[in-house]
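In: quick one, what's the 3D model for this:
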Amino acid sequence: MGGHHHFIDAQGEDRRLLVALDGRVKLILLVAALGVNLTAGGLRTPAALAITAFLLVLLAGVRPALFLRRMMVPATLALVAMITQFFWVESGEILVRLPFFAWSLTITSGALLRGLELAARILGGMGVLLFFSLTTPLPELMRAARFFRCPPVLVELALIMYRYIFLLLEEGERIRGAQRARLGFVDFRTGLRSSGTLGGMLVLRTYDRAERSFAAMRCRGYSGALTGYPPGPLQSRDWLLLTAGLVLLAGLYAVR
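Out: From the prediction side, this is the model:
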């Protein structure tokens with residue numbers, strides 16, 4: 001299994017507090033944080049949420065470069081969303097006129113403020129989501145989802161997809177390595193041919209792996225639903241951090 005989730009899962013008993021926090025507490029805080037981000041409005045609260053998420057990622061022991069790299073796509077989307085507001089919103093004072101092909105683009109104060117608010121909201125929401133995804137092992141998250149009555153079929157699908165995404169990538173990398181050893185991907189033409197072969201082999205091997213996995217699961221007593229132990233009662237540190245998190249979110253909402 002690759003990716004940062006492997007790193008988080010492998011920390012075992014040495015996991016930091018923010019990583020080892022109960023998944024139910026994290027889910028509650030996640031929903032509350034997204035609600036604050038969506039309803040607070042303005043620039044301060046979404047920006048503060050993004051900064052808080054980054055600081056908490058550092059406290060959790062996640063490499064900041066990993067967080068920032070994964071924020072590149074949301075940041076690009078936020079930039080695009082901000083620029084689009086320059087075309088649609090015309091309220092407020094005129095700040096600047098820019099030549100735009102045969103027309104001129106007028107940027108008003110209302111458009112700039114609306115664009116910044118939209119961008120900040122995107123960055124705040126994605127920062128919160130990334131923090132929770134980078135510091136929460138998926139089995140813990142799914143156990144919490146089952147506690148909150150999430151349909152079992154969705155939990156089971158999420159767990160199986162999470163497990164087999166990495167197997168699929170490993171299988172694809174193995175086939176690609178074998179093709180490169182046989183002079184595949186040496187130029188554009190052979191690259192296209194090798195890619196087609198890789199895709200076909202990957203579909204066949206995926207189907208074969210799924211059949212063998214299903215047979216193995218049935219041999220181990222699988223009857224249509226995965227079994228797991230329910231989460232125990234929350235510990236005192238979980239209640240403490242839940243309270244602290246809700247107070248922090250209330251404070252961020254108050255300064256909007």
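In: mind listing the helices in this protein by residue range?
Out: Counting by DSSP state H, one finds helices in the chain at the ranges 4-9, 17-20, 23-39, 44-59, 64-70, 72-88, 109-135, 138-147, 152-181, 188-219, 236-254.
In: in the last one, which residues are buried?
Out: Counting neighbours by 16 or more other C-beta atoms under 10 Å, one finds that the buried residues in helix 236-254 are 238, 241, 242, 245, 248, 249, 252, 253. Heads up, the C-betas are built off the backbone N, CA and C, glycines and all.
In: kindly report the same for the fourth one.
Out: Residues 45, 46, 47, 48, 49, 50, 52, 53, 54, 56, 57 are the ones in helix 44-59 that count as buried (16+ other C-beta under 10 Å).
In: and the contacts of that helix?
Out: Applying C-beta atoms under 8 Å, 6 or more residues apart in numbering, the external contacts of helix 44-59 come out as 16, 18, 33, 36-37, 40, 64, 67, 117, 120-121, 123-125, 127-128, 130-131, 134-135, 248, 252-253, 255-256.
In: ok, so what distance separates residue 202 from residue 191?
Out: 16 Å (C-beta to C-beta, to the nearest Å).
In: residue 30: neighbour count?
Out: Residue 30 has 20 neighbouring residues, counting by other C-beta atoms under 10 Å.
In: ok, the residue nearest the centre of the chain to residue 75 distance?
Out: Taking C-alpha atoms, centre = their mean, the centroid of the chain lies closest to residue 130, which sits 4.7 Å from it. As judged by C-beta to C-beta, residue 130 and residue 75 stand 11 Å apart.
In: okay if I get the helices of the chain as CSV plus distance to residue 100 and mean pLDDT?
Out: Below are the helices of the chain laid out as CSV (distance: least, C-beta to C-beta, whole Å; pLDDT from 0 to 100):
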stretch, distance to residue 100, mean pLDDT
helix 4-9, 41, 46
helix 17-20, 46, 70
helix 23-39, 32, 91
helix 44-59, 28, 90
helix 64-70, 31, 88
helix 72-88, 9, 90
helix 109-135, 14, 90
helix 138-147, 45, 82
helix 152-181, 42, 85
helix 188-219, 37, 86
helix 236-254, 37, 90
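In: looking at the ones you listed, which is nearest to residue 94?
Out: Distance to residue 94, taken as C-beta to C-beta, is lowest for helix 109-135 among the helices of the chain, at 8.1 Å.
In: the closest one vs helix 44-59, what angle?
Out: Regarding helix 109-135 and helix 44-59, their directions subtend 30 degrees when assessed with axes from the mean of the first three to the mean of the last three C-alpha atoms, to 10 degrees.
In: how far does helix 109-135 sit from the chain's center?
Out: In terms of C-alpha atoms, centre = their mean, to the nearest Å, the centre of helix 109-135 is set 14 Å apart from its chain centre.
In: how about stretch 85-95?
Out: 33 Å.
In: ok, now stretch 86-105?
Out: Remark: stretch 86-105 is offset 35 Å from the chain centroid, using C-alpha atoms, centre = their mean.
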